[in-house]
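Undergrad: Task: produce atomic coordinates for the following.
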Amino acid sequence: MKREEALELLKKYVKDEKIIKHCLATEALMKKLAKRLNQDEEKWALAGLLHDIDWDITRNEPEKHSLIAEKILRDLNVEEEIISAIKIHNYIHGIEPKTLLEKALYSTEMITGFIVAVALVKPSRKLKDVTIQNLVEKFKEKSFAAGAKREIISLAPQYLNLSLEEIFEIALTAMQEIADQLGL
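TA: Numbers count the residues shown, from 1 in each chain. Below you'll find the predicted structure:
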């Protein structure tokens, strides 16, 4: 599946602009992570872009989130490795990620929302004014952006063999590069 097809598919299923922006941010993050880890950038980007394709359908049934996505994507013959990473990313299922792609999506996709939250408390409300230090400090504040599960994000360094600061830098840079698309 090509990126344009995937974006069209995402917009067919997801109408919530915030979720679309989250998926775009996750796509950018996953692509940069893949580059850093010498993995398939397009495959990782597609996993990031499509990971919440069933959000509108499962919004009120989080236990079904990613399971519906699995069915949608399998019916479209999306690559199994991408489907598996998307299915596993919902921590509610308790499925242990095994591949590097699964581990990356599972442990980092919430970072994008966390970075948005940090940007929104800046006077400018812009990603360009967010620093790694801001992210590290806010990450220590457990009540800040509580939806960004620290226990899952904290797995990323061991999963990816990168420091949390390096992961924050990769994510922030990726998101700053598409700040106009994110409205930040």
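Undergrad: can you give me the strands in the chain?
TA: Taking DSSP state E as the criterion, the chain contains no strands.
Undergrad: for it, which spans come out with low pLDDT?
TA: Judged by pLDDT under 70, the chain has no weakly predicted residues.
Undergrad: Just the helices from it, written as ranges.
TA: 3-13, 17-36, 41-50, 55-58, 67-75, 80-88, 100-120, 132-140, 150-153, 156-160, 164-177, 179-182 (DSSP state H).
Undergrad: Pick the most buried one from these.
TA: Neighbour counts (mean count of other C-beta atoms under 10 Å) averaged over each of the helices of the chain peak at helix 41-50, with a mean of 24. C-betas here are computed from N, CA, C, even on glycine.
Undergrad: Please name every helix or strand in contact with it.
TA: Using 3 or more C-beta pairs under 8 Å, 6 or more residues apart in numbering; DSSP states H and E as the contact criterion, the elements in contact with helix 41-50 are helix 3-13, helix 17-36, helix 80-88, helix 100-120.
Undergrad: and it, how far out from the chain's middle?
TA: 10 Å (C-alpha atoms, centre = their mean, to the nearest Å).
Undergrad: Residues contacting it, please?
TA: Where contact means C-beta atoms under 8 Å, 6 or more residues apart in numbering, the residues beyond helix 41-50 that reach it are 1, 3, 6-7, 9-10, 23-24, 26-31, 33-35, 69, 73, 78-79, 81-82, 85-86, 101, 104-105, 109.
Undergrad: same check, this time on stretch 163-179
TA: 24-25, 28-29, 31-33, 36, 108, 111-112, 115-116, 126-128, 130, 132, 135-136, 139, 153-154, 156-157, 160, 162, 182, 184.
Undergrad: can you rerun that using 6 Å?
TA: Outside stretch 163-179, the residues within contact range by C-beta atoms under 6 Å, 6 or more residues apart in numbering are 25, 28-29, 32-33, 36, 111, 115, 127, 132, 135, 156-157.
Undergrad: repeat for stretch 112-122
TA: By C-beta under 6 Å, 6+ apart, stretch 112-122 touches 22, 25-26, 29, 127, 129-130, 134-135, 138, 145, 148, 171-172, 175, 184.
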